[in-house]
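Chemist: no FASTA, just this:
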């Protein structure tokens, strides 16, 4: 499944009981409609997200950032401390893409390395032409 939305707060990194690190954040997916009277009704969805691949992404996942996410969604239910039953959506992310011109804070060394790898990939593509 693919979703896109804005982070509602900065991402946090937590550890499981086995020591595995996970990046957690919430994305709001904006939606709405006009009712019969022409008034706009917000119908936003708040989705809890978990990214297991590397905790390094937490440093650039900041409140307000617009992202496109791919992954698997699942429903969860639990009993709150007051005894009420709660439900929510979890989104286990396989890829994160920054959207609408947002950029990662990259130092010059990282930028140079990324540029070198991009050039290498382009050269490899030229070599792999079937004709």
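Modeler: Yep, that arrived. These numbers were taken from a predicted model, which means no experiment stands behind them.
Chemist: hey, let's count contacts and neighbours off CA atoms from now on
Modeler: OK.
Chemist: and residue 95, how close does it get to residue 44?
Modeler: 22 Å (Cα to Cα, to the nearest Å).
Chemist: hmm, I was thinking of residue 69
Modeler: Taking Cα to Cα, one finds residue 69 at 17 Å from residue 44.
Chemist: between these two, which one's more packed in?
Modeler: A direct count of neighbours by other Cα atoms under 10 Å for residue 69 and residue 44 places residue 69 higher, at 22 against 11.
Chemist: where does this structure dip in pLDDT?
Modeler: Scanning the chain for pLDDT under 70 picks out 100-131.
Chemist: all strands of it, in order?
Modeler: 2-7, 12-15, 21-29, 32-34, 40-42, 45-51, 66-79, 85-98 (DSSP state E).
Chemist: just send those back as JSON lines, with distance to residue 58 too.
Modeler: Shown next, in JSON lines, are the strands of the chain (distance: least, Cα to Cα, whole Å):
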{"stretch": "strand 2-7", "distance to residue 58": "12"}
{"stretch": "strand 12-15", "distance to residue 58": "6"}
{"stretch": "strand 21-29", "distance to residue 58": "6"}
{"stretch": "strand 32-34", "distance to residue 58": "29"}
{"stretch": "strand 40-42", "distance to residue 58": "29"}
{"stretch": "strand 45-51", "distance to residue 58": "9"}
{"stretch": "strand 66-79", "distance to residue 58": "13"}
{"stretch": "strand 85-98", "distance to residue 58": "11"}
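Chemist: which among those strands is found nearest to residue 57?
Modeler: With Cα to Cα, the closest approach to residue 57 among the strands of the chain belongs to strand 21-29: 7.7 Å.
Chemist: quick one: strands adjacent to the closest one?
Modeler: Looking at strand 21-29 with DSSP bridges, its partner strands are strand 2-7 (antiparallel), strand 12-15 (antiparallel), strand 45-51 (antiparallel).
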